[in-house]
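K.L.:
Quick one: sequence plus predicted model below, questions after.
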Amino acid sequence: MIGGRYHFGLVLIMTAAVSTAQVETRNVSIRFTSPFAGEEMYASYCSACHGDKGKGDGPAAAATTTPPGDLTTLSKSHNGQFPRAHVFFSILNGKARKRGEQGFDMPSWKGPFYSLCAGQRGCDAEVQMRVVRLTDYLESLQAK
């Protein structure tokens, strides 16, 4: 239903109730960006939690139970090699919390990305392109 560009889904953690430290979530629309523009997608979809520079210091980070990771150190923490497959699948499928904990540290972006092209030919390829371009952009953020 991309003609009308009705975008549904995507739960983002937006704020924390300061006095009770409870997390408030709400449904928001996902804004369309080009599937080829990794930096633009990062700014629209990732920076709220991960911050403008990928350091894990976005405005919604304080509302998460587990702080978002510093995305600029992914290569460093993997012996100097950017973990491309791990990053790709973490974006696509989300990242589950540690064993025994319910929920996800990072949500899956598969559903929201499919909502941008649902019903169109080539939707699978577009979703994969989005994840590839986001992965490319995260690789460009790696500390030297």
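P.N.:
Okay, I see it. Numbering: from 1, shown residues only.
K.L.:
Name the nearest residue to the residue nearest the centre of the chain, ignoring sequence neighbours.
P.N.:
Note on the chain: the residue nearest the mean C-alpha position is C46, at 4.6 Å, using Cα atoms, centre = their mean. Of all residues not flanking C46 in the chain, L134 sits nearest, at 7.3 Å (Cβ to Cβ, 6 or more residues apart in numbering). For every residue, glycine as well, the C-beta is placed using N, CA and C.
K.L.:
just checking, that neighbour touches S44?
P.N.:
No - contact between L134 and S44 fails when scored by Cβ atoms under 8 Å: they sit 10.5 Å apart.
K.L.:
Comparing the two, which residue is more hemmed in?
P.N.:
L134 (24 against 14; other Cβ atoms under 10 Å).
K.L.:
so what's the more buried one up against?
P.N.:
Shown in contact with L134 (Cβ atoms under 8 Å, 6 or more residues apart in numbering): 38, 41-42, 45-46, 91.
K.L.:
for E139, same thing?
P.N.:
By Cβ under 8 Å, 6+ apart, the contact set of E139 is 75, 82, 84, 87.
K.L.:
Would you quantify the distance from the last one to R133?
P.N.:
In this case it means V87. Noted for V87: a distance of 12 Å to R133, by Cβ to Cβ, to the nearest Å.
K.L.:
CA atoms of the longest helix along the chain as PDB?
P.N.:
Longest helix in the chain, counting residues (DSSP state H): helix 123-140. What follows is helix 123-140, C-alpha atoms only, in PDB (Å, rounded to 0.1, in the frame of the first residue of the first chain):
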ATOM      1  CA  CYS A 123      10.000  -5.800  -2.000                       C
ATOM      2  CA  ASP A 124      12.400  -8.500  -0.700                       C
ATOM      3  CA  ALA A 125      15.200  -7.000  -2.700                       C
ATOM      4  CA  GLU A 126      14.400  -3.500  -1.500                       C
ATOM      5  CA  VAL A 127      14.400  -4.600   2.200                       C
ATOM      6  CA  GLN A 128      17.800  -6.400   1.700                       C
ATOM      7  CA  MET A 129      19.200  -3.300   0.000                       C
ATOM      8  CA  ARG A 130      18.100  -1.100   2.900                       C
ATOM      9  CA  VAL A 131      19.900  -3.500   5.300                       C
ATOM     10  CA  VAL A 132      23.000  -3.700   3.100                       C
ATOM     11  CA  ARG A 133      23.200   0.200   2.800                       C
ATOM     12  CA  LEU A 134      22.800   0.600   6.600                       C
ATOM     13  CA  THR A 135      25.500  -2.000   7.100                       C
ATOM     14  CA  ASP A 136      27.800  -0.100   4.700                       C
ATOM     15  CA  TYR A 137      27.100   3.100   6.600                       C
ATOM     16  CA  LEU A 138      27.900   1.500   9.900                       C
ATOM     17  CA  GLU A 139      31.200   0.200   8.500                       C
ATOM     18  CA  SER A 140      32.100   3.800   7.500                       C
END
